[in-house]
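**Q** no sequence on hand, only this structure:
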């Protein structure tokens, strides 16, 4: 994956590019947003590091990886927009009723969720799930199953894949622990009394 599309140019779009480019050799970035000033600010911020440009939702969705980070309730990404093997990080749906991806995308994709209860209530899949369009058999698995090796992640024959990420506190704690251990091992940072309990 060398191209990244981002729909929504708010704060989370910046961290999406920064994180994904750490694990994939991203060269080209296409960003789409209704607010032209946000797009310009994004392009200005990353223009020296990537081949970054404004584009339509369809242009962003045609990239190797697509991150959607909008608060919409009516789907804005269609199946026709996506490349044949695009991986989608559906990040924007974090409340009941939010829905960025057309149902056909979810039904056609290798669909991975972070937590069954949370995503069926307030993730990208919440609307089609509650309408009976999407069922258990349409979900490939949870991200934890892939992380611990119980299920395979993307494989060569996969077409479109979707990760429905609502965000879990346990994942945040685990990531914070890794950061803390790395900082401690490399003598980065400094100790401080967070709770006022030091004598």
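**A** That came in fine, so what should we check first? Model, not experiment: these values are computed from the prediction.
**Q** the helices in this structure, which residues?
**A** Using DSSP state H, the helices of the chain run over 11-23, 36-46, 57-61, 103-108, 116-122, 126-130, 143-147, 169-185.
**Q** list the buried residues of the longest one.
**A** By neighbour count on 16 or more other CB atoms under 10 Å, the buried set for helix 169-185 is empty. (C-beta placed from N, C-alpha, C; glycine too.)
**Q** helices or strands next to that helix in the packing?
**A** Contact partners of helix 169-185 among helices and strands, from 3 or more CB pairs under 8 Å, 6 or more residues apart in numbering; DSSP states H and E: none.
**Q** contacts for that helix, please.
**A** By CB atoms under 8 Å, 6 or more residues apart in numbering, the residues outside helix 169-185 that reach it are 114, 188, 189.
**Q** apply 7 Å and report the result again.
**A** residue 189 (CB atoms under 7 Å, 6 or more residues apart in numbering).
**Q** check the offset of that helix from the chain's centre.
**A** In terms of CA atoms, centre = their mean, to the nearest Å, the gap separating the centre of helix 169-185 from the centre of its chain is 20 Å.
**Q** stretch 54-67 too?
**A** Counting by CA atoms, centre = their mean, stretch 54-67 comes out at 13 Å from the chain centroid.
**Q** buried ones in it?
**A** Under 16+ other CB under 10 Å, the buried positions of stretch 54-67 are 54, 55, 57, 60, 61, 62, 63, 64, 65, 66, 67.
**Q** could you find the closest non-adjacent residue to the second one?
**A** It stands for residue 55. Nearest residue to residue 55, sequence neighbours excluded (CB to CB, 6 or more residues apart in numbering): residue 30, at 4.0 Å.
**Q** the first one too?
**A** Distances taken as CB to CB, 6+ apart put residue 39 closest to residue 54, at 4.7 Å, once the chain neighbours are dropped.
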